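1. Structural data only, the sequence is not supplied:
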């Protein structure tokens, strides 16, 4: 006769499933209406949870979108751990990796705009998730710099990654605000990578 899971294990799974539904609902709403479409009451309704449940996991819609951003980047990092870039130079590898990220972001422009807006206007209460997003992006860029070798990043690589991340975020902001076309993001990153790593 199978042994039942401990109550706390079943509770943890149930909470994780509710949290997942809330994040999925957030992305679905952002996909059809961008930042303005992500309202906590609508997220709760779409996720089929109580409004209080949404607030238990996420303090604001900005937090929701930043958590979704961190998850997407963590997925990219996990993919790259298994499929590292194969280009011959650090600059080419960084451009390939960030180009992959940009293609994914272009597929869902309203979601991208909502996440970039949340990142750019983050309050101090969201400093921890902004830091996590930054750390994941730094790891993605530094691993591309020295792929396929797996080793800790050097201080210079960390500095380069920070600069590239700033270029990336600034270019994304220019795109989602309508200042530049989406191709400008790739162009800026290629130019910056060549200048810093070429």
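-> Done, it's in. All values derive from a computational prediction rather than experimental measurement.
2. where in the chain is pLDDT low?
-> Residues of the chain meeting the criterion pLDDT under 70: 1-8, 11.
3. Could you pull out the helices in it for me?
-> 7-37, 40-47, 51-57, 61-82, 90-107, 109-120, 127-146, 155-176, 183-197 (DSSP state H).
4. Can I get the ones you listed in a markdown table including mean neighbour count?
-> In this view, the C-beta of every residue, glycine as well, is placed from N, C-alpha and C. Listed next are those as a markdown table, based on neighbours: other C-beta atoms under 10 Å:
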| stretch | mean neighbour count |
| --- | --- |
| helix 7-37 | 15 |
| helix 40-47 | 17 |
| helix 51-57 | 15 |
| helix 61-82 | 18 |
| helix 90-107 | 19 |
| helix 109-120 | 21 |
| helix 127-146 | 19 |
| helix 155-176 | 18 |
| helix 183-197 | 17 |
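5. mind checking the backbone torsions on residue 152?
-> Dihedral angles of residue 152 (phi, psi; degrees, to the nearest 10) stand at phi -70, psi 150.
6. count of residues packed around it?
-> As a burial measure, residue 152 scores 8 neighbours (other C-beta atoms under 10 Å).
7. How about residue 153?
-> Residue 153 has 17 neighbours, counted by other C-beta under 10 Å.
8. ends of stretch 31-50, how far apart?
-> In stretch 31-50, first residue to last residue: 22 Å (C-alpha to C-alpha, to the nearest Å).
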